[in-house]
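Peer 1: would you be able to build a 3D model of this:
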Amino acid sequence: MQKPNDRLAGQTCIVTGSSNGIGSAIAKAIGQEGANVVVNYHSDKEGAEETADWIAKNSNCGEALVIGGDVSKEADVSELFKKTVAEFGTVHISIGNAGLQQDHALHEMKLEDWQQVIDVNLTGQFLTARAAIKEFLKRGMRPELSNALGKIICISSVHEVIPWAGRANYATSKGGLKMLMQSICQEYAPKKIRCNSIAPGAIKTDINKDVWSTEEGKKKMLKLIPYGRIGEPSDIGSVASWLASDESDYINGTTLFVDGGMTCYPGFTQNG
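Peer 2: Numbers count the residues shown, from 1 in each chain. Sure thing, here's the model as predicted:
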């Protein structure tokens with residue numbers, strides 16, 4: 001974890017799906033920069049509380065608040081923002097990390113497996129971004145805190161550009177997220193709102209632990225990563241905290257791939 005420098009002091013950030021893995025690492029990195037952090041969870045309340053406790057102990061000036069909710073539900077997202085504003089006054093940064101997979105061959109995929117992934121991974125991003133934009137516009141500029149009216153960061157995936165057999169619902173949700181992010185930028189950049197995505201590659205989380213925790217699985221995974229190592233959740237946290245700061249103020253409407261070169265398609269190294 002990086003050393004704090006309070007780049008986000010005085011600001012408030014919501015991180016959806018931040019009870020564990022990448023989301024937890026993002027929440028911790030944002031907290032270390034001095035922001036108040038809302039740790040949102042769906043089912044893992046204990047993990048969310050552990051993340052919030054870590055932030056409370058490691059932030060110089062920020063506080064942490066745990067709020068449950070399903071980002072695919074409009075009422076839950078409205079309540080998430082309502083409680084955040086009641087506690088901290090406003091929201092400056094919204095980071096949509098909540099997501100899931102339901103893996104099936106397309107001809108065997110049930111409609112509910114398709115719909116659940118789209119609902120959480122894409123509709124959830126729409127609902128949180130919409131709520132954030134409403135709050136940004138209502139609050140108005142605070143130039144002493146940030147050059148931007150507000151910042152939205154969508155956690156995407158290398159699969160917004162790389163097809164993924166057996167996971168068409170997931171890849172489609174991330175491809176759609178790219179267009180959502182860019183459309184938000186195009187529409188709201190004139191109002192000084194920044195919207196970008198971070199696209200992780202292979203990251204060591206519980207969802208893929210059965211692969212990277214074995215030598216055979218690790219070796220297979222590394223064939224896809226030119227840089228020669230599997231990413232850590234903190235790699236994403238570091239990028240998110242920087243992207244939320246004024247140091248990246250001129251970055252808008254883009255995806256930052258944090259993937260060790262995976263999107264350079266290393267399988268073609270010997271086939272050019």
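Peer 1: okay, CA-based contacts and neighbour counts for the rest of this
Peer 2: Fine.
Peer 1: by mean pLDDT, point me to the weakest helix or strand of this protein.
Peer 2: One helix or strand of the chain scores below all others by mean pLDDT, DSSP states H and E: helix 209-212, with a mean of 82.
Peer 1: other SSEs contacting the helix or strand following that one?
Peer 2: Note on helix 209-212: by DSSP states H and E, the next helix or strand toward the C-terminus is helix 215-222. Secondary-structure packing of helix 215-222 (3 or more C-alpha pairs under 8 Å, 6 or more residues apart in numbering; DSSP states H and E): helix 209-212.
Peer 1: mind listing what's buried in the helix it packs on?
Peer 2: By neighbour count with 16 or more other C-alpha atoms under 10 Å, helix 209-212 contains the buried residues 211, 212.
Peer 1: what packs against that helix?
Peer 2: helix 215-222.
Peer 1: what are the contacting residues of the helix it packs on?
Peer 2: 202, 210, 211, 212, 228, 229, 230 (C-alpha atoms under 8 Å, 6 or more residues apart in numbering).
Peer 1: what sits closest to the fourth one if chain neighbours are left out?
Peer 2: The shortest distance from residue 212 to any non-neighbouring residue, by C-alpha to C-alpha, 6 or more residues apart in numbering, is to residue 218 (4.4 Å).
Peer 1: equivalent analysis for the fifth one, please.
Peer 2: Counting by C-alpha to C-alpha, 6+ apart, residue 222 is the residue found nearest to residue 228 once chain neighbours are left out, at 6.0 Å.
Peer 1: what about that neighbour, neighbour count?
Peer 2: Residue 222: 17 surrounding residues under other C-alpha atoms under 10 Å.
Peer 1: show me where the stretch 51-200 of the chain has helices.
Peer 2: With DSSP state H, counting those that start in this stretch as the criterion, the stretch 51-200 of the chain has helices at 74-88, 111-118, 124-139, 168-188.
Peer 1: could I get those helices as JSON lines with mean pLDDT, mean neighbour count and distance to residue 162?
Peer 2: Below are these laid out as JSON lines (pLDDT from 0 to 100; neighbours: other C-alpha atoms under 10 Å; distance: least, C-alpha to C-alpha, whole Å):
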{"stretch": "helix 74-88", "mean pLDDT": "98", "mean neighbour count": "17", "distance to residue 162": "30"}
{"stretch": "helix 111-118", "mean pLDDT": "98", "mean neighbour count": "17", "distance to residue 162": "17"}
{"stretch": "helix 124-139", "mean pLDDT": "98", "mean neighbour count": "20", "distance to residue 162": "20"}
{"stretch": "helix 168-188", "mean pLDDT": "98", "mean neighbour count": "20", "distance to residue 162": "8"}
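Peer 1: okay, those in CSV with distance to residue 9 next?
Peer 2: Below are the helices of the stretch 51-200 of the chain laid out as CSV (distance: least, C-alpha to C-alpha, whole Å):
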stretch, distance to residue 9
helix 74-88, 13
helix 111-118, 34
helix 124-139, 17
helix 168-188, 24
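Peer 1: residue 203 is in contact with residue 231, isn't it?
Peer 2: Yes: the criterion here is C-alpha atoms under 8 Å, and residue 203 meets it with residue 231 at 4.4 Å.
Peer 1: neighbour count winner among these two?
Peer 2: Using other C-alpha under 10 Å as the criterion, residue 203 and residue 231 rank with residue 203 on top: 22 against 19.
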